[in-house]
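Asks: turn this into a model:
(2 chains)
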Amino acid sequence: MTSKKNTAKPFIIDDESLTDPTVKDKVFCPIINGEAKGHGLVPRDYSIYPAEMFAPPSEINLIPQSEWSSRLKEQEQNNSRLSDVRGSIPSLDQNGQGYCWAYSTGSCLTLIRAINNQPYVRLSPHGVACKIKNFRDEGGWCGLSAKFSRENGYPTVLTWPEKSMSRQHDTAATWQDAAKRKVTEDWVDLTRDVYDQNLTFDQVATCLLSGIPCAVDFNWWSHSVCGMDLVEVEAGSFGLRIWNSWSDSWEDRGTGILRGSKAIPNGAVAIRVAGAA
Amino acid sequence: MRYAASVAILLLFTVGGWAQEVKLPPEVKAEPGMILVKAETDCSTVAWWAPDGGLQVIPADLLKNTMTAVCFAIKPGRYRLVAMVAKEGKPAYAVTTVIVGEVPPIPPGPEPEPPGPGPKPPTPVSGLHVLILFESGDAGKLSAGQQGVIYGKQVRDWLNANTALGPDNKTRAWRIWDKDVDASGEAKIWQDLLARKRTGVPWIIIAGSGGVAYEGPLLSNVQETIALLSKYSTTKAIHHR
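Replies: Predicted coordinates for the structure are as follows:
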C-alpha cells in the first residue's frame, strides 16, 4: 500500500499548544464524524501503585542522541520510517469505548504485519479488550493488551466485527485464528506488573529509529497510542509521531506529534515480532 | 556521511523512473589516473557507481553528459563499475571491470564439487519470491543502507512491481521477517525458505520457478539490492546447496 506525501502542517501536541482551547478540544474531547472518541488509559494512582525505579529492558542498545538527527535524515531520505511502511493503511477506530489500551498494541501489530508484508487484514482490538474486561467498557494499560497478545494473539474483524461488544464472537474459532498473530518477541519488563511496564524516551526513540513500533501510555492524556516515528520538530528538539485510534479523520490521517513533557510515556511496550499469517 | 556521493546521487532515481537497456564493455584497461568509460543506452541519464574502494567516480550532477563515467584510480587493481539506468518502471544495469595498471590474471577457481545427493530442493514456485530475514533486536545496528532495504519504499516498490501475486490476488510474494518468526500460519513455500540453512542475518533468499536462485547475506544498500533482484527477476535453474 502506498500513500501520497502529506504536505499539511503537522499536528503538534506539547505544553504550549495545549494552551490553545482548539487544540485542547482535539486532544481531550474529540468529536469526529459526529462521534465522541474515547480514551481508556487508567492513570496510575500512586497511592495504590507507588512509582518505582524501573530497570529498563537491558537488551536495548541505545542509539545515542547525537545520532538521532542524522539517522532521521537517512530514514526520510530512504522513506523508511514506520509511517512510510504504514502507507495508506487506515487508522483503527476505537469508537466511543475506553479501549485505547488495546488499540495501541493493535496498531503496533498492524505495523509489524506491514513490515513483514503479510496480507493486510484489519485487526479487532475490541475483541481483545472485551475478552480481558469481560465485556465491560473499562480502561487499562498497553502492558495488559501486550500480555494478551503474547498469550492469545489478536483477532481480525473477520472473526470479531469492528467495535462489536457482542459475546457471540467469543468462540474457539475466533481465538484459534487470533493465535496465528501472537506476539513472540517484544521489549517489555516482565518483572513488573502490566501497569508498571515502561520504557524511557531514549528507549522509545531507539526503537522507532530501528523500525520497532511502541505502544505508549500517557497519564496526562488518559490515553494509549502507538508510537510510530521519532520526529525532529526543530533542530535538536525531538518528539514522537503517534498513530491514534480515532480514525483517519483525526488530524493528520490519524496521527499527531507529541513533544516535550507530553512525549514522555508513563507506560510503554515495544512490539518486535508477531506470528506470520 | 554514511553514503558515498555517487550513491547519494543514485537515490535521486525513483523506482517509477527505472530502466530499459544499458551496455558496458566486459572490461576496460587503463593506466592509473583518469579513466573514461562510456555506456551505450537508450536512456537519457546514466548513474554510475563504483562499489569497490580505490575507484572514484565523479558525481553525475557535475557532468554535462552522464553517458561517460569520469573515474580516477591511483593504485593498480581490478575495480567494478556499475552503470544504472531507469525508464518507466523498469531498471537496468551493467557492470564492467576496470583493470588499472599491471594486474595478474585471476587464478582459476577450485574444481566444482561433484553433485552429491544434496539437501532436498524446495518446492518450485511460480514467479519470483523474495524472503529477507533479519534480527529485529539488532535492527538499530543495521547500516543505513540495510535499513533502507528492509524498511524503505524503493525496495518495497520494486518487490511489489516484480514479485509474483500471492493466493489472495493482492499481496505480493515477498516477506521481510525477523529470523525467529513463527511462520506456521504461512504457505509451505515460506516455511521452506525460512528453514533453509544460512550463515547469519541479515539474509536474502530469491526463488522462482526453478527453485532457489540466490541466497546470501543482505547487500549493503538499496542500489546493490535492486541490482541483485533485477538479475533474478527472470528466474533461473535450481541452485542446489
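Asks: switch to C-alpha atoms for all contacts and neighbour counts from now on
Replies: Fine.
Asks: can you show me the strands along chain A?
Replies: A:12-13, A:31-32, A:35-36, A:183-187, A:214-218, A:223-234, A:237-243, A:255-259, A:267-274 (DSSP state E).
Asks: which residues sit against the second one?
Replies: Right, strand A:31-32. With contact meaning C-alpha atoms under 8 Å, 6 or more residues apart in numbering or on different chains, strand A:31-32 is reached by A:37, A:246, A:249-250.
Asks: what do you get if the cut-off is 7 Å, keeping everything else the same?
Replies: Applying C-alpha atoms under 7 Å, 6 or more residues apart in numbering or on different chains, the set of residues contacting strand A:31-32 from outside is A:37, A:249-250.
Asks: which of these are buried?
Replies: A:37, A:250 (16 or more other C-alpha atoms under 10 Å in any protein chain shown).
Asks: now do the contacts for residue 225.
Replies: Just going to use chain A. Residue A:225 makes contacts with A:100, A:104, A:215-217, A:242-244, as judged by C-alpha under 7 Å, 6+ apart.
Asks: try again with chain B
Replies: residue B:219.
Asks: any idea how far chain A is from it?
Replies: With distances taken as C-alpha to the nearest C-alpha, to the nearest Å, residue B:225 is found 14 Å from chain A.
Asks: now that residue: how far from residue B:81?
Replies: Going from residue B:225 to residue B:81 by C-alpha to C-alpha, to the nearest Å gives 16 Å.
Asks: also residue A:20?
Replies: 58 Å.
Asks: what does chain B put close to chain A?
Replies: B:136, B:139-140, B:144, B:148, B:151-153, B:171, B:174-178, B:181-183, B:185-186 (C-alpha under 7 Å from any C-alpha of the partner chain).
Asks: what segments of chain B are helices?
Replies: Secondary structure of chain B by DSSP state H: the helices cover B:5-10, B:144-151, B:153-162, B:188-195, B:222-231.
Asks: tell me the contacts of the residue of chain B found nearest chain A?
Replies: Nearest to chain A, among the residues of chain B, is residue B:152, at 3.9 Å (C-alpha to the nearest C-alpha). Under the criterion of C-alpha under 7 Å, 6+ apart, the contact list for residue B:152 reads A:78-80.
Asks: of those residues, which ones also sit close to chain B?
Replies: Answer for the contacts of residue B:152 near chain B (C-alpha under 7 Å from any C-alpha): A:78-80.
Asks: show me where the stretch 1-150 of chain A dips below the pLDDT cut-off.
Replies: Filtered on pLDDT under 70, the stretch 1-150 of chain A yields the residue ranges A:1-8, A:43-58.
Asks: and the contacts of residue B:152, which is closest to chain B?
Replies: residue A:80 (3.9 Å).
Asks: quick one, phi/psi of that closest one?
Replies: phi -120, psi 20 (degrees, to the nearest 10).
Asks: residues in contact with it?
Replies: By C-alpha under 7 Å, 6+ apart, the residues touching residue A:80 are B:148, B:151-153.
Asks: of those residues - the most surrounded one?
Replies: residue B:148 (26 neighbours; other C-alpha atoms under 10 Å in any protein chain shown).
Asks: output the below-cut-off pLDDT ranges for chain B.
Replies: Residues of chain B meeting the criterion pLDDT under 70: B:1-20, B:51-53, B:88-91, B:105-125, B:234-241.
Asks: can you map out the strands along it?
Replies: With DSSP E as the criterion, chain B has strands spanning B:22-23, B:27-30, B:33-38, B:40-41, B:47-49, B:55-57, B:68-73, B:77-87, B:90-100, B:129-134, B:174-178, B:203-208, B:211-217.
Asks: mind putting those strands into JSON lines with mean neighbour count?
Replies: Compiled in JSON lines, the strands of chain B are given as follows (neighbours: other C-alpha atoms under 10 Å in any protein chain shown):
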{"stretch": "strand B:22-23", "mean neighbour count": "19"}
{"stretch": "strand B:27-30", "mean neighbour count": "16"}
{"stretch": "strand B:33-38", "mean neighbour count": "16"}
{"stretch": "strand B:40-41", "mean neighbour count": "17"}
{"stretch": "strand B:47-49", "mean neighbour count": "28"}
{"stretch": "strand B:55-57", "mean neighbour count": "22"}
{"stretch": "strand B:68-73", "mean neighbour count": "20"}
{"stretch": "strand B:77-87", "mean neighbour count": "23"}
{"stretch": "strand B:90-100", "mean neighbour count": "20"}
{"stretch": "strand B:129-134", "mean neighbour count": "24"}
{"stretch": "strand B:174-178", "mean neighbour count": "24"}
{"stretch": "strand B:203-208", "mean neighbour count": "23"}
{"stretch": "strand B:211-217", "mean neighbour count": "20"}
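Asks: need those strands in JSON lines with distance to residue A:126, can you?
Replies: Shown next, in JSON lines, are the strands of chain B (distance: least, C-alpha to C-alpha, whole Å):
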{"stretch": "strand B:22-23", "distance to residue A:126": "54"}
{"stretch": "strand B:27-30", "distance to residue A:126": "63"}
{"stretch": "strand B:33-38", "distance to residue A:126": "62"}
{"stretch": "strand B:40-41", "distance to residue A:126": "57"}
{"stretch": "strand B:47-49", "distance to residue A:126": "51"}
{"stretch": "strand B:55-57", "distance to residue A:126": "57"}
{"stretch": "strand B:68-73", "distance to residue A:126": "59"}
{"stretch": "strand B:77-87", "distance to residue A:126": "47"}
{"stretch": "strand B:90-100", "distance to residue A:126": "43"}
{"stretch": "strand B:129-134", "distance to residue A:126": "32"}
{"stretch": "strand B:174-178", "distance to residue A:126": "27"}
{"stretch": "strand B:203-208", "distance to residue A:126": "37"}
{"stretch": "strand B:211-217", "distance to residue A:126": "41"}
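Asks: ok, which of those comes nearest residue A:85?
Replies: Closest to residue A:85 of the strands of chain B, according to C-alpha to C-alpha: strand B:174-178, at 11.9 Å.
Asks: the closest one: how far from the chain's middle?
Replies: Put simply, strand B:174-178 sits 17 Å off its chain's centre (C-alpha atoms, centre = their mean, to the nearest Å).
Asks: strand partners of it, parallel vs antiparallel please.
Replies: strand B:129-134 (parallel) (DSSP bridges).
Asks: for chain A, which residues are neighbours of chain B?
Replies: Counting by C-alpha under 7 Å from any C-alpha, the residues of chain A that sit close to chain B are A:74, A:78-80, A:85, A:115-117, A:119, A:180, A:209-210, A:272-277.
Asks: chain B versus the spatially most central residue of chain A, what's the distance?
Replies: Residue closest to the mean C-alpha point of chain A, counted by C-alpha atoms, centre = their mean, is residue A:226 at 1.7 Å. Going from residue A:226 to chain B by C-alpha to the nearest C-alpha gives 18 Å.
Asks: what pLDDT does the model give that residue?
Replies: In this model, residue A:226 is scored at 98, pLDDT.
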